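# heads up, no residue letters with this:
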């Protein structure tokens, strides 16, 4: 059925073209090929623009891939680090002298393998201290609430020994 409809359409088109003068047929052919050429040129232009855009983005994507690989390796090292030998009392004694780095207004309380810090602290030193505790003693920040603005903030944080988590 579809083939019959296409055949009838083609016959009508041929009859219409036969009625046209040779000059009109030539103009119609020229218009058809101009349209085909314009569509092909647009497709080629779009492909070239996409290629250029991708070439411009390639160094950035390569840099991101490299950074991801470095972060992945660092993450593997952190998760593969052996637990700190000893009990939570050993960790508590090891961390106690480092608490002074946070300033005099910070109060520390231990509850088993959990450390609760509260008080006023400068933000940048606290961030460095937290990173050092994670790296050196595998103390991970479980929860944290900061309030204030600027350098000095009010801190309420709980750390837990990562090697004791189940």
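Yep, it's here. Fair warning: this is a prediction, and the values are worked out from it, not measured in the lab. Residues are numbered from 1 along each chain as shown.

# where along the chain do the helices fall?
Per DSSP state H, the chain carries helices over the ranges 2-19, 22-80, 88-95, 123-137.

# To residue 105, which of those lies closest?
helix 123-137 (11.5 Å; CB to CB). For glycine as for every other residue, the C-beta is placed from the backbone atoms N, C-alpha and C.

# Comparing the helices of the chain by mean pLDDT, which bottoms out?
Note on these: lowest mean pLDDT is at helix 88-95, with a mean of 81.

# which residues touch that one?
The contact list for helix 88-95 (CB atoms under 8 Å, 6 or more residues apart in numbering) reads 84, 110, 112, 113, 115, 133, 137, 139, 161, 164.

# Could you check the angle it makes with helix 123-137?
130 degrees (axes from the mean of the first three to the mean of the last three CA atoms, to 10 degrees).

# Got the domain ranges for this structure?
Split into domains by automatic domain parsing, the chain comes to 2-79, 88-164.

# Adding distance to residue 4 and neighbour count, write the contacts of helix 88-95 out as JSON lines.
Supplementary listing: the contacts of helix 88-95 in JSON lines, determined by distance: CB to CB, whole Å; neighbours: other CB atoms under 10 Å:
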{"residue": "84", "distance to residue 4": "84", "neighbour count": "18"}
{"residue": "110", "distance to residue 4": "89", "neighbour count": "15"}
{"residue": "112", "distance to residue 4": "86", "neighbour count": "12"}
{"residue": "113", "distance to residue 4": "83", "neighbour count": "18"}
{"residue": "115", "distance to residue 4": "85", "neighbour count": "24"}
{"residue": "133", "distance to residue 4": "82", "neighbour count": "19"}
{"residue": "137", "distance to residue 4": "84", "neighbour count": "21"}
{"residue": "139", "distance to residue 4": "81", "neighbour count": "22"}
{"residue": "161", "distance to residue 4": "81", "neighbour count": "22"}
{"residue": "164", "distance to residue 4": "81", "neighbour count": "15"}
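
# Alright, calling it a day.
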